[in-house]
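**Student:** Following is a predicted model, sequence given first.
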Amino acid sequence: MVGQALGKTERGNRLANWFEQRLDQIRQQAANVEQQPRALYLFRTRSGFQVAGANTSMGSDLGKVGALNMAAEVPGFASVDIEQLMVWDPELVLLNNFEPGLSPEDLYDDPRLQGISAVRERRVYVYPYGGFRWDPPSQETPLSLDWLFSLAHPEHAEPYLRQRIREGYRLLYDYEVSEKDLDDLLKLELNAGSRDYHRLFAKEES
């Protein structure tokens, strides 16, 4: 519709087709995976824990990639205590882009959280930040779900995400991303201490 309004129907259709086709591919990948890791998205961590529950895009995205949102029965963005986190015992925790400087190390270093599987197994990750934050919906959602599927199912991850980001940015922005751009976007340094991250998303060796 925007493409039509701007007199760029062909480009609008191309972008819409890329978006829908890539989402369908990721959903199909998720449907073919048997194990669903227990997962949580933390909307806030520093002033008490808030999780993404029912009717949130972040909670819904977990389901799209074949992860089990442990907060699915909680309405909206809800505050929970550490005891509830312990009961849910997520195997995968995603951190928000809304608290500046937030790092997986904040959870790894918290003595109250050491009994949680994701902390113990070092499967806590901060979302990337590209042309927009990757945790809420945006034009980059296919890339975000691609990344999220890889973390939920590292043994089934499709290789060469960095190349798909390059192609996506050419299509969306007519922009050539550098290796440094990709490292920064993927928060490679911030997530360096988390399991599988460099193996999945660092620069591919030629």
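**Tutor:** Cool, the structure landed.
**Student:** hey, let's count contacts and neighbours off CA atoms from now on
**Tutor:** Fine.
**Student:** what are the ranges of the strands in the chain?
**Tutor:** Here the chain has its strands, by DSSP state E, at 38-44, 49-52, 68-69, 77-80, 92-95, 124-126.
**Student:** Could you identify which of those strands is most buried?
**Tutor:** Most buried of those, by mean neighbour count (mean count of other CA atoms under 10 Å): strand 124-126, with a mean of 27.
**Student:** And residue 128, how close does it get to residue 141?
**Tutor:** Using CA to CA, to the nearest Å, residue 128 is found at 11 Å from residue 141.
**Student:** Please enumerate the shared neighbours of these two.
**Tutor:** residue 134 (CA atoms under 8 Å, 6 or more residues apart in numbering).
**Student:** more crowded one of those two?
**Tutor:** Using other CA atoms under 10 Å, the more surrounded residue of residue 128 and residue 141 is residue 128, with 25 against 19.
**Student:** From what I see, that one and residue 189 are in contact.
**Tutor:** No. Checked against CA atoms under 8 Å, the pair residue 128 and residue 189 is beyond contact range at 11.3 Å.
**Student:** quick one, phi psi at the nearest residue to residue 144 once chain neighbours are set aside?
**Tutor:** The shortest distance from residue 144 to any non-neighbouring residue, by CA to CA, 6 or more residues apart in numbering, is to residue 134 (5.5 Å). In terms of degrees, to the nearest 10, the main-chain angles of residue 134 are phi -90, psi -10.
**Student:** show me what contacts residue 134?
**Tutor:** By CA under 8 Å, 6+ apart, the contact set of residue 134 is 127, 128, 140, 141, 144.
**Student:** Dump those to a markdown table, plus distance to residue 86 and pLDDT.
**Tutor:** What follows is these, written out as a markdown table (distance: CA to CA, whole Å; pLDDT from 0 to 100):
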| residue | distance to residue 86 | pLDDT |
| --- | --- | --- |
| 127 | 22 | 98 |
| 128 | 26 | 98 |
| 140 | 33 | 97 |
| 141 | 30 | 97 |
| 144 | 27 | 98 |
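**Student:** could those go into CSV alongside distance to residue 23?
**Tutor:** CSV is the format used below for the contacts of residue 134 (distance: CA to CA, whole Å):
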residue, distance to residue 23
127, 18
128, 18
140, 11
141, 8
144, 10
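**Student:** among those, which are in helices?
**Tutor:** Per DSSP state H, helices hold the following members of the contacts of residue 134: 141, 144.
**Student:** That concludes my questions; thank you for your assistance.
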